[in-house]
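A.B. asks: Could you look at this predicted model? Sequence included:
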Amino acid sequence: MKKTRPTSRKQTVGQTITAGKRPKRKNHLISGFIVMIALVMLFFFAYQKYQRISNSYHHYLYQTDWQIKNEHVIEQAQPTVILTVGMAFPDAGRIQPEEAIAWQLTAIHPQTKKTVQFSLSPDLIVGGKRLSDYNPRKEMTQIQMQLQKMIQYPIQYATLINLSQGRPLYEKLKGLTVVPNESLQLEDKTITTGKATLLSTRQVLQYILHDLNDTKEKASQRQLEVINSLKKELFDWQNLLQLQNYFEAADTVVNTSIPWQEYLRLIRPSWQKALEQATTIDISQSNQAAIAEELAALSKQE
């Protein structure tokens, strides 16, 4: 006759205990702990990446000497004006000195997202001399102050782009896509007005040249097209993980007084959409008053 195995005190009559099976609650606790550790590690690596990008921006791009006043105006929801200047050698041999013929003012309203871009003629007389006669590397603060008098509005930030020094950055970006204002033949590449065209690094460096048979205005327009393409790449949030590499490549190319926190606001999709839809106005000696009028209207918007 078989002996009956005694029932455990913790086992009720009719209950079967499966050997080796742990309570579900304990499994949930372990899973939750693993997820928490993963999130902490993810946050740590994300923070480290953010810090590296921020440090690269301050080390390679940020220029504190050009700061005039009203820092962090985008954060304060005030109308903001940013000056962008492009410099380049006029000839491929770089025999002639660099010239500054690409001038752009961008006015943005943080609340309404209304944006106006002014393309300034390099022959525009500001402070008693043509814009192209200024040296932005040495006179950026003076340029800002003279332009402020002309437009009757403060210029908060300035950016200088050395287009002829851009090879490392153009290569890192794998070329640039421009939207040409005028059709032309660039070696074996046909460029059509209004059609987005991808240029290689070599073609970009040719595109910005100011040839002897070319007017200063046309060369200025092409350089502004390259500048707009560069800004689109450097202010695209989708390139966030690549920004550290881009900033390092832009070491000898870009200098800006836009603070890091303001930069983070400008790369937001809503801001980039506003910049893409900006009204563009060409400014020469005959219509320079249009800038002050547009800025006055912009500042009144709510």
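C.D. replies: Noted; the coordinates are in hand. Values in this document were obtained by computation on a predicted structure and should not be read as measured data.

A.B. asks: give the contact list for residue 58.
C.D. replies: Going by Cβ atoms under 8 Å, 6 or more residues apart in numbering, residue 58 touches residue 260. All C-beta atoms are positioned from the backbone trio N, CA, C, and that covers glycine.

A.B. asks: Which positions within stretch 204-222 qualify as buried?
C.D. replies: For stretch 204-222, the neighbour count (16 or more other Cβ atoms under 10 Å) marks 204-210, 216, 219-222 as buried.

A.B. asks: In strands, which of those residues fall?
C.D. replies: Secondary structure assignment (DSSP state E) places none of the buried residues of stretch 204-222 within strands.

A.B. asks: Of those residues, which is the nearest to residue 229?
C.D. replies: Distances from residue 229 to these, taken as Cβ to Cβ, are shortest for residue 204 (8.6 Å).

A.B. asks: Spell out the residue ranges of the helices in the stretch 201-302 of the chain.
C.D. replies: 201-207, 216-234, 243-249, 260-266, 269-276, 289-300 (DSSP state H, counting those that start in this stretch).

A.B. asks: Next up, the contacts around the most centrally placed residue in the chain.
C.D. replies: Most central residue of the chain, judged by C-alpha distance to the mean C-alpha position with Cα atoms, centre = their mean, is residue 235 at 2.6 Å. With contact taken as Cβ under 8 Å, 6+ apart, residue 235 is in contact with 263, 266-267, 271-272, 275.

A.B. asks: quick one: which of those has the most company?
C.D. replies: When neighbours are taken as other Cβ atoms under 10 Å, the top entry among the contacts of residue 235 is residue 266 (21 neighbours).

A.B. asks: how much space between the spatially closest residue to it that is not a sequence neighbour and residue 256?
C.D. replies: Closest residue to residue 266 in three dimensions, ignoring its sequence neighbours and counting by Cβ to Cβ, 6 or more residues apart in numbering: residue 235, at 5.5 Å. Distance, residue 235 to residue 256, using Cβ to Cβ, to the nearest Å: 11 Å.

A.B. asks: cool, residue 219 as well?
C.D. replies: As it turns out, when the distance is counted by Cβ to Cβ, residue 219 lies 23 Å from residue 256.

A.B. asks: Over to residue 227?
C.D. replies: With Cβ to Cβ as the criterion, residue 227 and residue 256 are 12 Å apart.

A.B. asks: C-terminal to the longest helix along the chain, what's the next element?
C.D. replies: The helix spanning the most residues in the chain, taking DSSP state H as the definition, is helix 24-56. In the C-terminal direction, the helix or strand that comes right after helix 24-56 (DSSP states H and E) is strand 80-88.

A.B. asks: Could you point out the helix or strand that follows that next one?
C.D. replies: strand 99-108.

A.B. asks: Residue 117 is in what secondary structure piece?
C.D. replies: strand 115-120.
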